[in-house]
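Chemist: Quick one, what's the 3D model for this:
(one chain, ligands or ions: 1)
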Amino acid sequence: MDTSTSPLKRKFALTPAEQSTWEESGYFVRFNVFSKEENDVLRHIADDIAAGKRPFPTRNIDQNALVRDGKVEASGVHAMHKIHHISCYCSEFLARVRDPRLTDPIVDLLGPDLLGLNNLYIWKAPQIGLGFPWHQDKWYFNHQYITEMTVGTWTAIDAADIDNGCLYVIPGSHKYGILEHADLEGSQQNEFKIARDAKDEDGVAVEVPPGSVVWFNNQLLHKSTDNHSLRFRRCNVAHYISANAERIPKKDGANVRPVMWVRGDTYSEKMEPVYGDVLPIPDFD
Ligand SMILES: O=C(O)CCC(=O)C(=O)O
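Modeler: The predicted structure follows:
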């Protein structure tokens with residue numbers, strides 16, 4: 001894969017219009033970035049993980065909270081909510097995280113030397129798939145890294161709309177710092193915190209066709225709603241950080257979240273996962 005950072009070779013670099021949308025609103029969207037066939041590859045792998053056909057650390061798999069708590073019955077992918085750090089275990093997901101169609105614009109935002117943070121895949125099953133409360137991803141990352149900005153990419157595997165639980169964002173909210181995040185009530189209490197003072201009426205639905213990508217400043221307030229439709233609403237999320245960001249060691253000395261070399265000349269953090277049927281699973285949280 002070409003991970004060159006030369007501007008001439010960056011075919012998918014940020015356009016001036018996207019740059020100003022980014023500064024003003026904190027996100028921008030491109031349609032038709034990935035084909036159905038390309039996304040099907042990820043979808044099949046994630047479904048195999050859900051079905052237990054591919055080894056994957058169980059601590060990185062979150063069931064739908066309603067299923068987990070015995071409030072609704074579902075099995076297989078219908079019982080799933082999300083898996084974390086998938087690019088650490090699946091070469092196809094790592095290739096996607098490193099794909100220049102995702103990373104070229106990020107070089108314009110974070111510089112040429114990029115590392116990957118979390119890569120998560122979300123299912124959001126028909127009728128029972130749960131939304132995410134208002135939050136800023138940077139609230140989470142600020143506990144782990146000292147850096148001005150991190151960037152998230154959200155790729156639609158299926159069409160995402162109001163009925164099946166698309167993303168909502170508060171345009172411009174990336175400019176106003178990190179809000180306090182409080183405990184959540186209800187089934188997802190242990191999974192998420194909720195940003196205090198984010199108002200539903202300020203939210204804008206980001207409805208997109210499959211294959212679209214949303215790039216967002218990790219300070220942008222965003223949420224998603226429950227899936228009320230009969231359709232899945234799946235997505236693949238990858239977050240990026242500059243290789244120059246400083247890591248905050250954990251107080252108990254445990255591993256901080258894994259970072260993954262993505263592109264550029266900073267190889268000190270380069271970390272190649274080991275693939276195969278028998279996975280030596282690294283001890284990440
Ligand atoms: O895809 C969703 O429903 C929400 C994803 C999200 O908020 C996140 O990954 O931070």
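Chemist: alpha carbons only for contacts and neighbour counts from here, please
Modeler: Noted.
Chemist: and the stretch 101-250 of the chain, which of its residues are near the ligand?
Modeler: G131, F132, D137, L167, K223, S224, V237 (Cα under 6 Å from any ligand atom).
Chemist: can we see that at 8 Å?
Modeler: Contact residues, the stretch 101-250 of the chain versus the ligand (Cα under 8 Å from any ligand atom): 120, 122, 124, 130-137, 154, 165-167, 222-225, 234-237.
Chemist: Just the ones in helices from those, please.
Modeler: Using DSSP state H, the members of these that fall within helices are D137.
Chemist: Beta-bridge partners for whichever residue of the stretch 151-285 of the chain sits closest to the ligand, please?
Modeler: Residue of the stretch 151-285 of the chain nearest the ligand, by Cα to the nearest ligand atom: S224 (4.6 Å). Beta-bridge partners for S224, by DSSP bridges, are F132, L167.
Chemist: burial measure for it, as a count.
Modeler: 20 (other Cα atoms under 10 Å).
Chemist: repeat for the one 4 residues further on
Modeler: Residues near H228, counting by other Cα under 10 Å, number 18.
Chemist: sec struct for it, please.
Modeler: Three-state assignment for H228 (DSSP: H, G, I helix; E, B strand; the rest coil): coil.
Chemist: Skipping its backbone neighbours, what lies nearest it in space?
Modeler: The shortest distance from H228 to any non-neighbouring residue, by Cα to Cα, 6 or more residues apart in numbering, is to Q127 (4.6 Å).
Chemist: Then the one you found would be within a helix, right?
Modeler: No: the assignment for Q127 (three-state DSSP) gives coil, which keeps it out of a helix.
Chemist: residues touching the residue nearest to the spatial centre of the chain, list them.
Modeler: For the chain, the residue nearest the mean C-alpha position is V237 (2.4 Å; Cα atoms, centre = their mean). Taking Cα atoms under 8 Å, 6 or more residues apart in numbering as the criterion, V237 is in contact with N118, N119, L120, Y121, I122, G152, T153, W154, T155.
Chemist: distance of it from P16?
Modeler: As for V237, its distance to P16 is 24 Å (criterion: Cα to Cα, to the nearest Å).
Chemist: ditto for E191
Modeler: Note on E191: its distance to P16, by Cα to Cα, is 37 Å.
Chemist: follow-up on the earlier one: show me what contacts the residue of the stretch 151-285 of the chain closest to the ligand?
Modeler: Taking Cα under 8 Å, 6+ apart as the test, what S224 contacts is G131, F132, P133, W134, G165, C166, L167, Y168.
Chemist: same thing but 6 Å
Modeler: Taking Cα atoms under 6 Å, 6 or more residues apart in numbering, we find S224 in contact with G131, F132, G165, C166, L167, Y168.
Chemist: repeat for L66
Modeler: Neighbouring residues of L66 by Cα under 6 Å, 6+ apart: V72.
Chemist: Repeat the analysis, applying 8 Å as the threshold.
Modeler: Counting by Cα under 8 Å, 6+ apart, L66 touches V72, I128, S187.
Chemist: give me the element the last one is part of.
Modeler: Same thing as S187. According to DSSP states H and E, S187 maps onto no helix or strand at all.
Chemist: Give me the below-cutoff pLDDT ranges for the stretch 151-285 of the chain.
Modeler: Low-confidence segments of the stretch 151-285 of the chain, defined by pLDDT under 70: 253-259, 266-285.
Chemist: thinking again about what came up before, can you redo the contacts of S224 as CSV with neighbour count?
Modeler: As requested, those are exported to CSV (neighbours: other Cα atoms under 10 Å):
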residue, neighbour count
G131, 18
F132, 18
G165, 29
C166, 25
L167, 22
Y168, 23
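Chemist: give the contact list for the closest residue to S229 other than its chain neighbours.
Modeler: Nearest non-adjacent residue to S229, counting by Cα to Cα, 6+ apart: N164, 5.1 Å away. By Cα under 8 Å, 6+ apart, N164 lies in contact with P126, T225, D226, N227, H228, S229, L230, R231, F232, R233.
Chemist: how far out from the middle of the chain is the longest helix anywhere in the chain?
Modeler: In the chain, ranked by residue count with DSSP H as the criterion, the top helix is helix 36-50. Distance, stretch centre to chain centre, for helix 36-50: 16 Å (Cα atoms, centre = their mean, to the nearest Å).
Chemist: Would you indicate which residues of that helix are buried?
Modeler: Neighbour counts over helix 36-50 (16 or more other Cα atoms under 10 Å) mark N39, L42, R43, I45, A46, D47, D48, I49, A50 as buried.
Chemist: Return the closest of the residues you listed with respect to E207.
Modeler: Closest approach between these and E207, by Cα to Cα: N39, at 17.8 Å.
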